[in-house]
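Asks: give me coordinates for this.
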Amino acid sequence: MTTRVAQKPLPVLTGPRVIVRLASEQDIIGIIDYFQRNAAHLSRFATPLPPVTYEESHWSAQVSKAMSEFQQDRSCRFFMFERENDTCPIGVINFFCFLRGHFHGCILGYNVDAGYEGRGYMYEGLSLGVDYVFKKLNMHRIMANCAPWNLRSARLLNRLGFRPEGYAREYLMVSGEWQDHVLNSLTNRDWQPQ
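Replies: Prediction:
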C-alpha cells in the first residue's frame, strides 16, 4: 500500500497590477513568446539562451520540473503576469538553491520584459515573492547578486531592503566572459524554527 504525500498548495500571489505564480502547461506558448521578444534585452545580463528555449517540449519539462522542485522544497520558480492579462509573462522571479538545516536560505534571480522595465512591476512582483518566501516558506536569508554596472538592479534590491555584503570577482559567466558581481542579501527578522 502506497502512502500519498500531501501536496503543498500552489501559490498565486496577487498585487495591484501583477499576479506571481508557478507556470502551468497552458502558459508555455506565452513563456516562449516572452523569451523570444526579450532575447536581445536579456542577453545583456546572462548568456544568450540556447535554441531549445523556444521549444514547447523544453518548457513542458521545465514546468513539470518546477512543480516537482516546489513540492520537494527545493525551489520556487515564479512567472509574473499582468493582472489584466495572465496569459503571457512579463517577468521571471526564481527563488532557487534552497538550503535548509542550519542555513534556511536561497538565491533569487529575476528578469523583466524590456517594455515593463523601470515601471515598478518588478518591485511589486519581488515584494510579493519575498513576502511569500519569508512568511510561508520560512526562509531566513535570500541572496541576490548583480553586476556592478547594473545600477537599476542595485537600486531595486536596495529598495526591497537587500544590503550589499561583498564583491565577487569573476563570479558569473555572461556571454562568454566572467563578470564581477556585487553580493547582496536580505534576512527574515521574523524567522521561526520549525
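Asks: give the bridge partners for residue 93, please.
Replies: Each beta-bridge partner of residue 93 is listed here, defined by DSSP bridges: residue 78, residue 110.
Asks: in contact with it, which residues?
Replies: Taking Cβ atoms under 8 Å, 6 or more residues apart in numbering, we find residue 93 in contact with 20, 78, 79, 80, 108, 110, 122, 125, 126, 129. All C-beta spots, glycine's among them, are computed from the backbone N, C-alpha and C.
Asks: neighbours of the fourth one, how many?
Replies: When you say that, I think you mean residue 80. The number of residues packed around residue 80, counting by other Cβ atoms under 10 Å, is 30.
Asks: packing partners of the strand or helix carrying it?
Replies: Secondary structure assignment for residue 80, by DSSP states H and E: strand 76-82. On a contact count with 3 or more Cβ pairs under 8 Å, 6 or more residues apart in numbering; DSSP states H and E, strand 76-82 meets strand 18-22, helix 56-71, strand 91-99, helix 121-135.
Asks: shaky segments in the chain?
Replies: Counting by pLDDT under 70, the chain has low-confidence residues at 1-5.
Asks: again, only using 80
Replies: Residue ranges of the chain with pLDDT under 80: 1-6, 47-49, 175, 194.
Asks: mind listing what's buried in stretch 64-76?
Replies: If you call a residue buried by 16 or more other Cβ atoms under 10 Å, then stretch 64-76 has these buried ones: 66, 67, 69, 70, 74, 75, 76.
Asks: right, I'll call it a day here.
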